[in-house]
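the following block contains a protein sequence and its predicted model.
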Amino acid sequence: VQLQASGGGLVQAGGSLRLSCVVRGRTVSSYDMGWFRQAPGKGREFVGTITRSGSTVYSGDSVKDRFTISRDNPKNTVYLQMNSLKPEDTAVYYCAAAVSGGTNYNFWGQGTQVTVSS
């Protein structure tokens, strides 16, 4: 299984970006798909997940109501729509796939850089 994340870039505060994660090797609906991020000098942070059943869970107030995770089964792709971006959202964003659910993610994408300027 391979995951390929894309869509990062440089955006001004208040702007939007949509990240994509293409799954190759198995159907995306076979996994719970998570998004994570890692800011410079910080540990990896959970952003949110979309389960195999299509339910979504987000990390909390830092992204709630601004970020949305969705899935396109025919395209085998998961998206992270990010609105009202803030400088503190600057990070490398990763997608990951969990075979059995929970917090054990088995496969990871390569990461895509998001930089939000003030």
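Nice, I can see it.

what about the residue nearest the centre of the chain, distance to Ser118?
The centre of the chain sits closest to Trp35, judged by CA atoms, centre = their mean, with a distance of 3.0 Å. Computed as CB to CB, to the nearest Å, the Trp35 to Ser118 distance reads 23 Å. Where C-beta positions appear, they are placed from N, C-alpha and C, glycine not excepted.

any idea how far stretch 85-98 is from the chain center?
6 Å (CA atoms, centre = their mean, to the nearest Å).

shift numbering so it begins at 41
Will do, 41 is the new start, and the previous item becomes stretch 125-138.

can I get that stretch in PDB, CA atoms only?
The C-alpha trace of stretch 125-138 is given here as PDB (Å, rounded to 0.1, in the frame of the first residue of the first chain):
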ATOM      1  CA  LEU A 125      -5.700  29.100   8.000                       C
ATOM      2  CA  LYS A 126      -3.600  30.600  10.700                       C
ATOM      3  CA  PRO A 127       0.200  30.900  11.000                       C
ATOM      4  CA  GLU A 128       0.200  28.200  13.700                       C
ATOM      5  CA  ASP A 129      -1.200  25.700  11.100                       C
ATOM      6  CA  THR A 130       2.200  25.800   9.400                       C
ATOM      7  CA  ALA A 131       3.500  22.300   9.400                       C
ATOM      8  CA  VAL A 132       4.200  19.200   7.300                       C
ATOM      9  CA  TYR A 133       1.000  17.400   6.900                       C
ATOM     10  CA  TYR A 134       0.900  13.600   6.600                       C
ATOM     11  CA  CYS A 135      -1.800  11.200   5.800                       C
ATOM     12  CA  ALA A 136      -1.900   7.700   7.300                       C
ATOM     13  CA  ALA A 137      -3.900   4.500   7.000                       C
ATOM     14  CA  ALA A 138      -5.000   2.300   9.900                       C
END
